[in-house]
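Visitor: pasting the sequence and the predicted coordinates here, then a few questions.
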Amino acid sequence: MKRSKPITSMDIITDKYVTLGYKGFELRKVLEKDREYQILLEARKYNIIKKYNLTPAEKKKYFMPSDRDYEILEKCKQLKKLKKLSKEDKYIVKLILTQLYDDWRKPLLNKLNILQRKYKK
């Protein structure tokens with residue numbers, strides 16, 4: 001049987017606020033003000049940045065709230081290095097990377113607008 005990930009103090013703190021009714025943007029704001037959560041978050045970020053060897057530009061560019069986001073970034077970086085990646089697959093990798101932006105909807109809306117203009121003709 002596969003063991004589940006142990007519950008961290010960050011999970012406990014988050015669950016506390018969710019139980020109080022916070023969600024989405026409000027949850028994010030209250031967690032930004034929680035001192036204990038922020039200390040744990042900084043320690044976690046430091047360890048992950050070391051593990052995945054993030055560049056300063058990547059740290060600034062991408063919103064990375066979970067370990068899975070770092071995993072996605074790492075896989076995209078590995079794929080981008082491949083010389084034999086097709087044009088379509090390069091585009092898919094680029095699109096996936098936009099999902100790591102804080103405002104991930106903006107690139108999707110831009111592309112949808114381009115497609116709408118293209119097919120209205």
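Guide: Looks like it came in fine. Residues are numbered from 1 along each chain as shown.
Visitor: and the longest helix along the chain, what's buried?
Guide: The helix that spans the most residues within the chain, counting by DSSP state H, is helix 35-52. Residues of helix 35-52 classed as buried: 37, 40-41, 48-49, 52 (neighbour count, 16 or more other CB atoms under 10 Å). C-beta coordinates here come from the backbone N, C-alpha and C atoms, glycine included.
Visitor: okay, that helix in PDB with CA atoms only?
Guide: Backbone C-alpha positions of helix 35-52 (Å, rounded to 0.1, in the frame of the first residue of the first chain) are rendered in PDB as follows:
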ATOM      1  CA  ARG A  35       3.600  34.600  10.400                       C
ATOM      2  CA  GLU A  36       4.100  30.900  11.200                       C
ATOM      3  CA  TYR A  37       2.800  29.900   7.800                       C
ATOM      4  CA  GLN A  38       5.200  32.300   6.100                       C
ATOM      5  CA  ILE A  39       8.200  31.000   8.000                       C
ATOM      6  CA  LEU A  40       7.400  27.500   7.000                       C
ATOM      7  CA  LEU A  41       6.700  28.600   3.400                       C
ATOM      8  CA  GLU A  42      10.100  30.300   3.100                       C
ATOM      9  CA  ALA A  43      11.900  27.200   4.500                       C
ATOM     10  CA  ARG A  44      10.000  25.000   2.000                       C
ATOM     11  CA  LYS A  45      10.700  27.300  -0.900                       C
ATOM     12  CA  TYR A  46      14.400  27.300   0.000                       C
ATOM     13  CA  ASN A  47      14.600  23.500  -0.100                       C
ATOM     14  CA  ILE A  48      12.600  23.200  -3.300                       C
ATOM     15  CA  ILE A  49      14.600  25.900  -5.100                       C
ATOM     16  CA  LYS A  50      17.800  24.000  -4.200                       C
ATOM     17  CA  LYS A  51      16.300  20.700  -5.300                       C
ATOM     18  CA  TYR A  52      15.000  21.900  -8.600                       C
END
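Visitor: skip ahead from it and say which helix or strand is next.
Guide: Helices and strands here follow DSSP states H and E; after helix 35-52, the next one along the chain is helix 56-61.
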